[in-house]
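>>> Show me the folded form of this:
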Amino acid sequence: MTPTYQMIISVLIDKFGIVFLEDNPDDFAINDYLGIIAIEEEIGVELTDDFLNNDLLNSAKGFAEKLDFYMESLQGNADDPKI
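Residues are numbered from 1 along each chain as shown. Below is the predicted model of the structure:
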């Protein structure tokens, strides 16, 4: 389980009181929990509209992977002296 996937689960537990019946839940549809705004608050970044894609929201693992890539790209842009 990636740190980003674990963060998504923690946000859903902490902000919404979601209870997972398994210690390590398998993949789930993140849009069932309406946690996008809480995730944005947790990471301090407003996500782009392409994060609202239904196919992406049907997989918390896929969402976490995209979020990892997105955050890395933001980090790379911050390190670029041309920006």
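
>>> isn't Y5 right next to K66, touching?
No: using CB atoms under 8 Å, Y5 is not in contact with K66, being 11.4 Å away. (Each C-beta comes from the backbone N, C-alpha and C, glycine too.)

>>> These two - which one has more neighbours?
When Y5 and K66 are compared for neighbours, Y5 comes out ahead with 20 against 17, by other CB atoms under 10 Å.

>>> remind me which residues of the chain are low pLDDT?
Applying pLDDT under 70 to the chain flags residues 21, 23-25, 32-34, 77-83.

>>> Can you tell me the centre-most residue of it?
Centroid-nearest residue in the chain, with CA atoms, centre = their mean: A64, separated by 4.7 Å.

>>> tell me which element it is part of?
According to DSSP states H and E, A64 maps onto helix 60-79.

>>> What residues sit buried inside that helix?
Residues of helix 60-79 classed as buried: A60, K61, G62, F63, A64, K66, L67, Y70 (neighbour count, 16 or more other CB atoms under 10 Å).

>>> which among the residues you listed gets closest to I39?
L67 (7.6 Å; CB to CB).

>>> Identify the residue nearest the closest one in space, chain neighbours excluded?
Spatially, and ignoring its direct neighbours in sequence, L67 is nearest to T4 (5.3 Å; CB to CB, 6 or more residues apart in numbering).

>>> same check, this time on F20
I9 (6.8 Å).

>>> And the one you found, how far from I37?
16 Å (CB to CB, to the nearest Å).

>>> circling back to that earlier point, the residue nearest to L67 is in contact with A64, isn't it?
Yes: contact criterion CB under 8 Å: T4 and A64 qualify, at 4.2 Å.

>>> just to revisit the earlier point, so the residue nearest to L67: helix, strand or coil?
Three-state assignment for T4 (DSSP: H, G, I helix; E, B strand; the rest coil): helix.

>>> Which positions within stretch 44-52 qualify as buried?
Of the residues in stretch 44-52, those buried (16+ other CB under 10 Å) are L47, F51.
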